[in-house]
Every structure is written in structure tokens, then in C-alpha cells.
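Asks: Fold the following, please.
(chains A and B)
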Amino acid sequence: MNKSVRNVVVSAVSLLILVLFLAGSGLAQTERIVPKAENFLFFMDHSGSMAMSAPSGAEKIAEAKDVLLAVNNDIPVMPFNAGVFTYAPFKEYVPAEAYSKPAVAQAVGGLKESYEIYGRLTPMGFGLQSLDSLVGVLSGRTAVIVVTDGESNLGPKPVSVMQDMYAKYGNNICFHIISFAQSAKEKALVDQMSAINPCTVSAVGADLMDDAKRADFVRKVFYDVEIIPAAPVAEPEPVKPVVEEVIVFRSVHFDFDKSNIKPEFVPVLKEASEMIKARPGKNVVVEGHTCNIGPAVYNQGLSERRAASVRNFLINEGIAAERLKAVGFGLNNPKYDNTTREGRSLNRRVELRFE
Amino acid sequence: MIRVQTILLAITLMISIPSAASAGNLPDAGSLQVRQIEREFALFTADWIEKINRSYASRPDRVEIFPQGARYIGRYCIVENDSVLWSVKQVSLSPLAYIGLLEYLEWTFESTAWTQEEALRGPFIPVKGRRITEIFRYSQNRWQ
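Replies: Below is the predicted model:
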């Protein structure tokens, strides 16, 4: 494979990994995971009984390793401290330190199988007491995932030791059980251990090879999902309609078919000019309108002449010409009903519209 | 002659000079006239607003419907009654030289819908307002 092709392949694979990672994160934007503990310890029964066969025919220790490897793989990346320990014998494989998925996997994967069974008793109580000395130096909450077949045939009763540890650490410790118990006696011990504290999550080991059940176990043991309420979406500000200012002349009569303003209407126009002067920052459009009587062209011209006439008057009153624009609309902007005499009279108007 | 002139002067003075001595008891003729003109303007403006509202080409009982793209717009205009204000001004010392200012808010309401029937039903929202000042004059003993 030449270099350029290799580069393309690498880029494509990288992109695929990124996409899968993002898809696999699986959390809605309004959710976040919160760790249930700052520390977790895998505590594996490595006694002779675990080297015995499970119902599947494989050694229980082999199945237990597979389960722990799968659980380890499913644990979300969070700032845990993690350790791997066994009892029977008590041994530290990974000290409780910053969680390293590969380190845990390597330690679990390296646990011996097919070892000598005879004389290898199960001092679970002693093992727990040894673990107690480690838990005591950890800060924060600690989840102890006990992998057991429910055997304990040497030393203090594990239930008593657990009870003592609960009394000592309170809410800072919780024992979870992955059970490979087969006999009624073994299952009874597992049940007793599970019943000490309602925080305990207990599962049958073989069941955890099911992805959904394992995901549920991991979810319950290692983290909570917090729903972050979506930020309230502010109601959009209602759009305020535009309000324009207009002066309307209706009573200003022009001589018929003429645009010159009759003298008696001067006070009305003077008042309008004062209103314009009182708004120095605004320009004014002088609009002439007519009713629909008469030809359109005729009405257009008439409206333009009347608008111009009003504009000239306002200029003579001292309003700057550049502030004033005259426009004729003729009969094209009938705001009022041209089918009635009233409406037609109202349409015959000049409007001064402020801009 | 002097007696007649004196009588005439007295009568003239009685007519032209406001009766200050009796001001506390009776209003003078000028202010009576203003108040009468104002009363007339108040009535005039009420009638005027009614005329405006019933004369709009597009009004609530005659909603205008027109197409806009794939949709229909319903539209009508109406005066906001609570916005109506009026005032009367004397523009010169000439008798009856008054102008009246009538202010009101005119609203254009619109609805948008996929069919004409729906556009007719609404809901309608205000899309444009115009603050209108109409200027009238008092002439021939009436407002126009």
C-alpha cells in the first residue's frame, strides 16, 4: 500500500472512530453522569472453589475474569481511583490509584486459572479485614465489587466484617456482589451479604455476560445520571408593530380642480407647520390622495399638484425644503370605502407622514 | 345730547367690558363661547371617529383578503377608542377663529392562513399603527 493510500485509510479510520465515539457517548445534551464513588476495588475470590467448574463447564475463575474484564470495559471514563485485589490469598494486583482501564484489564486477565484446589480455603472474612486497612486510607466513597461463589470457610464471618466496615465508614463504602454461587448455602451467603445495605447491587456472574444486564449493573454501581434541566427558553419578545406619525388634512379644500390653498385654510396648515417644527429631526413626506371619481391619470396629477402646493406652503413657513418630499398617489391608495360618499370624501386628503 | 351720549357709552361699556365685578357669579360671554365650541367639537370628534371606523375600505365587518405567496392575508383597520384625544385652539383674535386637533391611533390588524376562510377567521394581530392628528377648523358655526 503506497503512502498516499495509507494516509487516506488512516484518516478514514480515525474519522470513523471519532463518529463512533460520539455516537457511543449516548447521552442527551441535558444529561450528565456523576460518579457514585471516588474509588472502586475489584475484590476477587481466588480460592480453590473458584477453580471448580461453573454450570457452563468452564472454571468459575475463568468466567469471573471474563465478567470483570467486560465490566471494566464498560466502566465510563471518570476520575476514579481503582484497584484489583484478591483474597485466598489476599494480594494486591493493582494498587488503588488513578484508574487505568488497561492496567485493570491486564491485572484481571493475568489472574491464574487452573490452579491447585486442595487446601486452598476461602477466608473471605480475613480478606475483607485486610481490605479494610486499604479502604481506611482512601478518601471519598469506595465501591468494593466482590466476586464470590458464596464460599467462606475460614476466619470471621464475612457478613460480620462487612457490618463492621459499614459501621466504620458509613456512606463512604458499599459492597457490590458478582455471584458465582451455585448451592443453596452459597446463594444464602450472597443474599445475606447483599441485604446488609440497600446500596448493594448484586448480580449473577453469568448474567453479566449479557450486554444489557451488564450495562445496567455498571450504571447502578458506578454512576448516576443527572438530568440537567434545559435552560428556559426565553419567550421571544413580541414584535411591537411600527407606529408612524401622520398629520391628515381633510378640511383643507382646494378650489375645484385646483391645487392652490384657499386662505381660510391657512390656520390649519400653520398648525401643521408648527407640529413639523416641533420635530426637528424628522423628515416629512407630503402625500396627496384622491377619491376614485375621474380618470386615474387626472387624479394622479391633481394629487401631485396638491402635495406640491402644501409642500411649498410649509417651506414658506420656514421648514427646510430638504425635509419635505411631495408625492402624489392619485386614486391608488384608497384607505376608505370609495363606494360611499363618506368614504370618497375621506379619501380626498393630504397626509404629512413623518419619517 | 350729553345725556344720550352718556347712556350710549354706558351701554357700550356694559357690552364690551367683561363684568369683573360679577365674575365670581357668572362666566363671561367669551369663555361661554369657547366652552360651547369645545362641546361642539367633542360631539364632532365622536361622530368623526364613527365615520372613520365605518368608512375604512378594510374594516372588521369587511375584512380584506388577499393572496401572499402560498398563503392568504386578512386585514382590517380600526381606531383604538381609548386613544382618542382632542383639543381646541384659538388661532387669532378674530371671533370664532378656532382650530380643533383630533388625535387617535389607527391600527392595522392582519391574519395569515393557508385558506381564505381561515384568514377571515383570524387570529388577527396588530401589524402597524398610525398616530394620526387631524386638524379641523371652525367655520360658519360648525366644525369642518
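Asks: which stretches of the chain have low pLDDT?
Replies: Reading this off chain A. Scanning chain A for pLDDT under 70 picks out the ranges A:1-29, A:251-260.
Asks: let's do chain B instead
Replies: Per-residue confidence for chain B (pLDDT under 70) gives these ranges: B:1-30, B:93-96.
Asks: before we move on, what SS does B:P67 have?
Replies: B:P67 falls in the strand class when you classify it by DSSP: H, G, I helix; E, B strand; the rest coil.
Asks: gap between the two ends of stretch A:31-47?
Replies: 42 Å (Cα to Cα, to the nearest Å).
Asks: How about stretch A:194-205?
Replies: Stretch A:194-205: ends 14 Å apart by Cα to Cα.
Asks: contacting residues around it?
Replies: Contacts to stretch A:194-205, defined as Cβ atoms under 8 Å, 6 or more residues apart in numbering or on different chains, come from residues A:54, A:60, A:63-64, A:67, A:147, A:159, A:162-163, A:166, A:171, A:174-180, A:190, A:193, A:213, A:217, A:220-221. For every residue, glycine as well, the C-beta is placed using N, CA and C.
Asks: hmm, which of those residues are the buried ones?
Replies: For the contacts of stretch A:194-205, a burial check counting by 16 or more other Cβ atoms under 10 Å in any protein chain shown picks out A:54, A:60, A:63-64, A:67, A:147, A:159, A:162, A:166, A:174-180, A:190, A:193, A:217, A:220-221.
Asks: Neighbouring strands of the helix or strand hosting B:S111 in the sheet, and parallel or not?
Replies: Here B:S111, judged by DSSP states H and E, is contained in strand B:98-113. When sheet partners are counted by DSSP bridges, strand B:98-113 sits next to strand B:71-90 (antiparallel), strand B:125-139 (antiparallel).
Asks: Name the surrounding residues that touch the helix or strand that it is followed by.
Replies: Going down the chain from strand B:98-113, the next helix or strand is helix B:116-121, by DSSP H and E. Residues outside helix B:116-121 that contact it (Cβ under 8 Å, 6+ apart): B:63, B:65, B:71-74, B:111-113.
Asks: what do you get for stretch A:170-177?
Replies: Stretch A:170-177 has contacts (Cβ under 8 Å, 6+ apart) with A:36-37, A:135, A:140-146, A:148, A:162, A:165-166, A:190, A:193-194, A:196-197, A:199-203, A:221.
Asks: List the contacts of B:V91.
Replies: A:267, A:270-271, B:97-99.
Asks: Output the residues you listed as CSV; include the columns neighbour count.
Replies: Below are these laid out as CSV (neighbours: other Cβ atoms under 10 Å in any protein chain shown):
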residue, neighbour count
A:P267, 20
A:K270, 16
A:E271, 18
B:A97, 14
B:Y98, 23
B:I99, 21
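Asks: Check the gap between the residue nearest to the spatial centre of chain B and chain A for me.
Replies: Nearest to the geometric centre of chain B sits B:T45, at 3.1 Å (Cα atoms, centre = their mean). In this view, B:T45 and chain A are 13 Å apart by Cβ to the nearest Cβ, to the nearest Å.
Asks: Name the residues linked to the residue of chain B found nearest chain A by a beta bridge.
Replies: Residue of chain B nearest chain A, by Cβ to the nearest Cβ: B:G129 (3.7 Å). Beta-bridge pairing for B:G129 (DSSP bridges): A:V243, B:W107.
Asks: and if you look at the one 10 residues further on?
Replies: For B:S139, the residues forming beta bridges with it (DSSP bridges) are B:R142.
Asks: State the distance from it to A:L314.
Replies: Distance, B:S139 to A:L314, by Cβ to Cβ, to the nearest Å: 22 Å.
Asks: Ok, A:A231 next?
Replies: Distance, A:A231 to A:L314, by Cβ to Cβ: 54 Å.
Asks: quick one: which of the two has more around it?
Replies: Neighbour tally, A:A231 and A:L314, criterion other Cβ atoms under 10 Å in any protein chain shown: the higher count belongs to A:L314, 24 against 7.
Asks: secondary structure element for the more buried one?
Replies: Going by DSSP H and E, A:L314 is in helix A:296-316.
Asks: Show me what that helix is packed against.
Replies: Counting contacts by 3 or more Cβ pairs under 8 Å, 6 or more residues apart in numbering or on different chains; DSSP states H and E, helix A:296-316 is packed against helix A:266-277, strand A:284-289, strand A:324-330, strand A:349-354.
Asks: okay, that helix in CSV with CA atoms only?
Replies: Output in CSV follows, covering the C-alpha atoms of helix A:296-316 (Å, rounded to 0.1, in the frame of the first residue of the first chain):
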residue,chain,number,x,y,z
ALA,A,296,-56.7,57.8,-12.9
VAL,A,297,-54.3,60.0,-14.8
TYR,A,298,-56.2,63.1,-13.9
ASN,A,299,-56.4,62.2,-10.2
GLN,A,300,-52.7,61.4,-10.2
GLY,A,301,-51.7,64.8,-11.5
LEU,A,302,-54.1,66.5,-9.2
SER,A,303,-52.8,64.7,-6.1
GLU,A,304,-49.2,65.6,-7.1
ARG,A,305,-50.1,69.3,-7.5
ARG,A,306,-51.9,69.4,-4.2
ALA,A,307,-49.0,67.7,-2.4
ALA,A,308,-46.6,70.2,-4.0
SER,A,309,-48.8,73.1,-3.0
VAL,A,310,-48.8,72.0,0.6
ARG,A,311,-45.1,71.5,0.5
ASN,A,312,-44.5,75.0,-0.9
PHE,A,313,-46.6,76.4,1.9
LEU,A,314,-44.6,74.6,4.5
ILE,A,315,-41.3,75.8,3.0
ASN,A,316,-42.7,79.4,3.1
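Asks: Just give me how far it sits from the chain centre.
Replies: In this view, helix A:296-316 has its centroid 63 Å away from the chain centroid, taken as Cα atoms, centre = their mean, to the nearest Å.
Asks: Could you give the number of residues near residue 107?
Replies: All of this is about chain A. A:A107 has 22 neighbours, counted by other Cβ under 10 Å.
Asks: that's the wrong chain, I wanted chain B
Replies: Neighbours of B:W107 under the rule other Cβ under 10 Å: 19.
Asks: For the residue of chain B closest to chain A, give its distance to A:V243.
Replies: Distance from B:G129 to A:V243, by Cβ to Cβ: 4 Å.
Asks: Just to be sure, B:R54 is in a strand?
Replies: No. With three-state DSSP as the criterion, B:R54 is helix rather than part of a strand.
Asks: Pull the contacting residues for it.
Replies: B:R54 makes contact with A:E342 under the criterion Cβ under 8 Å, 6+ apart.
Asks: Likewise for A:V350?
Replies: If you count contacts by Cβ under 8 Å, 6+ apart, A:V350 has them with A:248-249, A:252, A:286-289, A:306-307, A:310.
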